[in-house]
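Asker: The following comprises the amino acid sequence and a computationally predicted model.
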Amino acid sequence: MEADVDDRRDLPLAEVESTLVCCLLTSVDAPGLVSALLNRQMFADASLGFVFQAVMNLYEQGVQPDMVSVEVEMRRMDEARWKELGGLSFVLTAMLNVRHAGNVMLYAVEVKRQYLLRCLAQLFAMLNVKSCCFEAEPELLIAEAEESLGKLRQEAAASEPMRSVGELSAEAVEWHRERLTGTYDRNRVLSGISEFDYVTGGFHKGELSVLAGHSSDGKTAVALHMAVQAARAGKHVCLFSLEMSNLQMLNRILAGVTDVDPDHLRISGLTAHELETLEKAGRKLEHLPLYIDYKACNTLSDIRSKALLKSKKGECDFIILDYLHLLNSIRQKNDTQEQVVGRNITQLKQLALDADCPVLVVSQVNRASDQRVDKAHIPVMSDLRDSGTIEQVADCVFFVYRPERYGIVKDERSGESLAGVGKLYIVKNRNGAVGIARFRYNSSYTKITDYLKRATK
């Protein structure tokens, strides 16, 4: 068998695997090329997987694999297995037919492809058996399938090769050129609150941000404002609500983009003038790239599936979830609430990476924060409810704070009135500065504006 033919997909898998292993034994560069793509379990022939692992062990130790060193490593790993195979004698015939290792990546890709197909076949067979049981629950099986496919998708994603600083610098310069010329900024989403964007630079691709606050502090109002402003800037925003229905969300949006009294929207009904105003605002919203999904007790698997589907269509630049502690999750035995939240927040970070966009999740604070001696109740990181993993995983954590709620009506330093003034305390920013960003809100807390502007009504 010769290795100088361009395509090996028509060869039996056994030949592809044995040729790949032979390439690893004869080429200086081959182990480095395939190390991030394959692992031992991907080989259909366990004996070849054993040799592959010996080669990789040596490579990771900085030792150049050859016939002798690999034999020694195989014996060290499992002497009984080494004796059973007769060392490397079982690959000698294949070694005689390998002329060069130029196609090693092609072989590696084929081995991985065949492995993934076997995994899919096993998964579907297992689901088929489970679905035939009378007591089977469709939603649980769908969730199990999505979770298993998600893990397989992660395994299927090949690691990116190392890149030179020259390549990366060219990309960085192009990104800064786009920002300088004011063209579309594909790497970040601005919040619509100038002081927040000044401190953080907005929301960045692949990053997870957490917006927290006490009940009625206006977490949802701030998140909704950021969603609308991002959509107005041309970003596709996917907003998942676990608490407020689509109609409730829409009423808030309409109240925020108009001066219509929110009580009229919800309780007493609109006047003719307000209805006309609302119709005009509705027409402006027709082509706004803001997508709202409401489902009480939504699962992360559902949200992930919908978000990734939108992402594949190029319609997902920003994901917002309101809110974390209402996210439904299949509990494992003896799971604590903090473990469930930790697992969800970790998966949301993964979603930010997989969808290649920023994710903003709204979170509650713990009740103990209300009992602090500090009567101003200035938020701190430990106020986060079930904060352990959130603190570790989140790239940015900020709290919404309304001084008026705690009887603070004047700024201690400047003496300026704090009526209708809110603050965002940025307590963690992995890739930038922390600080305080101010904004203004109207009496009904339906309209948010920059601090230097005045919110009306």
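Answerer: Arrived safely, thanks for sending. A quick note: this is a predicted structure, and the numbers were derived from the prediction, not measured.

Asker: switch to C-alpha atoms for all contacts and neighbour counts from now on
Answerer: Noted.

Asker: so where's this protein uncertain?
Answerer: Across the chain, the stretches falling below the confidence threshold (pLDDT under 70) are 1-11, 99-100, 157-163, 175, 179-184, 266-268, 297, 329-333, 454-457.

Asker: How far off centre is the longest strand along it?
Answerer: Ranked by residue count, the top strand of the chain under DSSP state E comes out as strand 421-429. Computed by CA atoms, centre = their mean, to the nearest Å, the chain-centroid distance of strand 421-429 equals 23 Å.

Asker: which neighbours does the helix or strand just after it have in its sheet, and in what orientation?
Answerer: Following strand 421-429 in sequence order, the next helix or strand is strand 435-441 (DSSP states H and E). For strand 435-441, the paired strands and their directions (DSSP bridges) are strand 421-429 (antiparallel), strand 448-450 (antiparallel).

Asker: Just say helix, strand or coil for residue 321.
Answerer: Following DSSP: H, G, I helix; E, B strand; the rest coil, residue 321 is assigned to strand.

Asker: let's have the chain start at 45 instead
Answerer: That works, and once the first residue is 45, the last one we named lands at residue 365.

Asker: For it, name its beta-bridge partners.
Answerer: residue 284, residue 405.

Asker: From residue 442, how far out is it?
Answerer: 15 Å (CA to CA, to the nearest Å).

Asker: who has more neighbours, those two?
Answerer: residue 442 (26 against 23; other CA atoms under 10 Å).

Asker: how big is the angle separating the helix or strand that contains that one from strand 465-473?
Answerer: Assigned by DSSP H and E, residue 442 falls within strand 440-445. Going by axes from the mean of the first three to the mean of the last three CA atoms, to 10 degrees, strand 440-445 is angled at 160 degrees with respect to strand 465-473.

Asker: on that earlier part again, need the strands paired with strand 479-485 in a markdown table (columns: mean neighbour count and distance to residue 85).
Answerer: Formatted as a markdown table, the strands paired with strand 479-485 follow (neighbours: other CA atoms under 10 Å; distance: least, CA to CA, whole Å):
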| stretch | mean neighbour count | distance to residue 85 |
| --- | --- | --- |
| strand 465-473 | 21 | 39 |
| strand 492-494 | 21 | 54 |
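
Asker: Now render these as JSON lines, adding distance to residue 405.
Answerer: Listed next are these as JSON lines, based on distance: least, CA to CA, whole Å:
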{"stretch": "strand 465-473", "distance to residue 405": "15"}
{"stretch": "strand 492-494", "distance to residue 405": "19"}
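
Asker: which ones are touching residue 156?
Answerer: 81-82, 86, 200 (CA atoms under 8 Å, 6 or more residues apart in numbering).

Asker: Can you flag the buried ones in these?
Answerer: Buried residues within the contacts of residue 156, counting neighbours by 16 or more other CA atoms under 10 Å: 81-82, 86.

Asker: Next SSE downstream of the helix or strand hosting residue 210?
Answerer: Assigned by DSSP H and E, residue 210 belongs to helix 209-225. Next helix or strand after helix 209-225 toward the C-terminus (DSSP H and E): strand 232-233.

Asker: chain center to whichever helix or strand comes after that next one: distance?
Answerer: Later in the chain than strand 232-233, the nearest helix or strand by DSSP H and E is helix 238-244. Here helix 238-244 is found 22 Å from its chain centre; the criterion is CA atoms, centre = their mean.

Asker: Residue 346: what's its closest spatial neighbour, skipping adjacent residues?
Answerer: residue 187 (8.0 Å; CA to CA, 6 or more residues apart in numbering).

Asker: what's the strand holding residue 442 packed up against?
Answerer: When contacts are defined as 3 or more CA pairs under 8 Å, 6 or more residues apart in numbering; DSSP states H and E, strand 440-445 packs onto strand 252-257, strand 465-473.

Asker: buried stuff in that strand?
Answerer: Here strand 440-445 shows 440-445 as buried, counting by 16+ other CA under 10 Å.

Asker: Repeat that for stretch 449-458.
Answerer: In stretch 449-458, counting by 16+ other CA under 10 Å, buried: residue 453.

Asker: that older thread, partner strands of the strand holding residue 442, with direction?
Answerer: Short version: by DSSP bridges, strand 440-445 pairs with strand 252-257 (parallel), strand 465-473 (antiparallel).

Asker: about what we covered before: reformat the helices and strands packed on strand 440-445 into TSV and put distance to residue 231 next to each item.
Answerer: Below are the helices and strands packed on strand 440-445 laid out as TSV (distance: least, CA to CA, whole Å):
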stretch	distance to residue 231
strand 252-257	14
strand 465-473	17
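
Asker: mind checking how far residue 473 is from residue 437?
Answerer: Distance from residue 473 to residue 437, by CA to CA: 11 Å.

Asker: sorry, that was for residue 269
Answerer: 25 Å.

Asker: higher neighbour count, these two?
Answerer: residue 269 (23 against 19).

Asker: Checking that one next. Helix, strand or coil?
Answerer: Quick answer, by three-state DSSP: residue 269 is helix.

Asker: how about it, what does it touch?
Answerer: 236, 297, 300, 491-492.

Asker: Spell out which two among those are the most distant pair, please.
Answerer: Maximum pairwise distance in those, criterion CA to CA, is 14.4 Å, between 236 and 297.

Asker: ok, longest helix in this structure?
Answerer: helix 148-175 (DSSP state H).

Asker: how about the helix or strand just after that helix: buried residues?
Answerer: Going down the chain from helix 148-175, the next helix or strand is helix 182-200, by DSSP H and E. Neighbour counts over helix 182-200 (16+ other CA under 10 Å) mark 187, 189-190 as buried.

Asker: Look at residue 385 and say how many residues are nearby.
Answerer: 23.

Asker: repeat for residue 209
Answerer: By other CA under 10 Å, 9 other residues sit near residue 209.

Asker: next one: residue 162
Answerer: With other CA under 10 Å as criterion, residue 162 counts 13.

Asker: same question, the one 5 residues further on
Answerer: Residue 167: 14 surrounding residues under other CA under 10 Å.

Asker: Now for residue 252: which residues touch it?
Answerer: By CA under 8 Å, 6+ apart, the neighbours of residue 252 are 392-393, 396, 402-405, 437-440.

Asker: Need the residues you listed in CSV (columns: distance to residue 482).
Answerer: Shown next, in CSV, are those (distance: CA to CA, whole Å):
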residue, distance to residue 482
392, 27
393, 27
396, 27
402, 22
403, 22
404, 19
405, 20
437, 26
438, 22
439, 21
440, 17
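
Asker: Surely residue 84 touches residue 98?
Answerer: No: with contact defined as CA atoms under 8 Å, residue 84 does not reach residue 98; the gap is 9.5 Å.

Asker: Show me which of those two is the more surrounded one.
Answerer: residue 98 (22 against 17).
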